[in-house]
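Asks: from the sequence below, what's the structure:
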Amino acid sequence: MSAKYERTFVVRVPVARAWKAFADPQERQAWLDNNPYADDFEPGDVNLGPAERHRRMSWSQSPAGLEGWYETVVTFEEASSGTRRTGCTTPPIRRGAGTK
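Replies: Here you go, the predicted model:
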């Protein structure tokens with residue numbers, strides 16, 4: 001059985017700024033460089049999915065050493081104090097014992 005992971009939080013910046021932090025490779029790398037777990041993660045293949053500028057982006061990822069493709073969707077919404085960012089990742093469905 002696979003479990004979906006979803007996390008929502010608000011950042012105190014406009015939607016355009018929150019979007020840039022995810023969409024711009026240099027911006028994204030800046031915060032990934034400060035991730036203490038980054039050294040334990042080996043990226044694999046990534047396929048970009050549909051995106052709506054400043055609203056929604058998606059991708060599929062097959063991390064190195066793991067089986068299957070993980071689907072991720074991130075949404076950006078205006079909030080009273082900035083931007084509400086929701087990310088949802090669905091891991092691949094794993095076959096149970098006795099299935100083919």
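Asks: could you list the buried residues of stretch 6-23?
Replies: 11, 15, 18-19, 21 (16 or more other Cβ atoms under 10 Å). All C-beta spots, glycine's among them, are computed from the backbone N, C-alpha and C.
Asks: isn't N47 up against S58?
Replies: No - using Cβ atoms under 8 Å, N47 is not in contact with S58, being 9.6 Å away.
Asks: go through the buried residues of stretch 6-23 and flag which are in helices.
Replies: 15, 18-19, 21 (DSSP state H).
Asks: let's have those in a markdown table, adding pLDDT.
Replies: Formatted as a markdown table, these follow (pLDDT from 0 to 100):
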| residue | pLDDT |
| --- | --- |
| V15 | 97 |
| A18 | 93 |
| W19 | 94 |
| A21 | 89 |
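Asks: switch the residues you listed over to JSON lines; also include distance to A64.
Replies: As requested, those are exported to JSON lines (distance: Cβ to Cβ, whole Å):
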{"residue": "V15", "distance to A64": "32"}
{"residue": "A18", "distance to A64": "28"}
{"residue": "W19", "distance to A64": "27"}
{"residue": "A21", "distance to A64": "25"}
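Asks: circling back: out of the buried residues of stretch 6-23, who's nearest E71?
Replies: Distance to E71 across these (Cβ to Cβ) is lowest for W19, with 19.8 Å.
Asks: which of the helices and strands in the protein ranks last by mean pLDDT?
Replies: helix 25-32 (a mean of 78; mean pLDDT, DSSP states H and E).
Asks: distance from the chain centre to that one, please.
Replies: Put simply, helix 25-32 sits 13 Å off its chain's centre (Cα atoms, centre = their mean, to the nearest Å).
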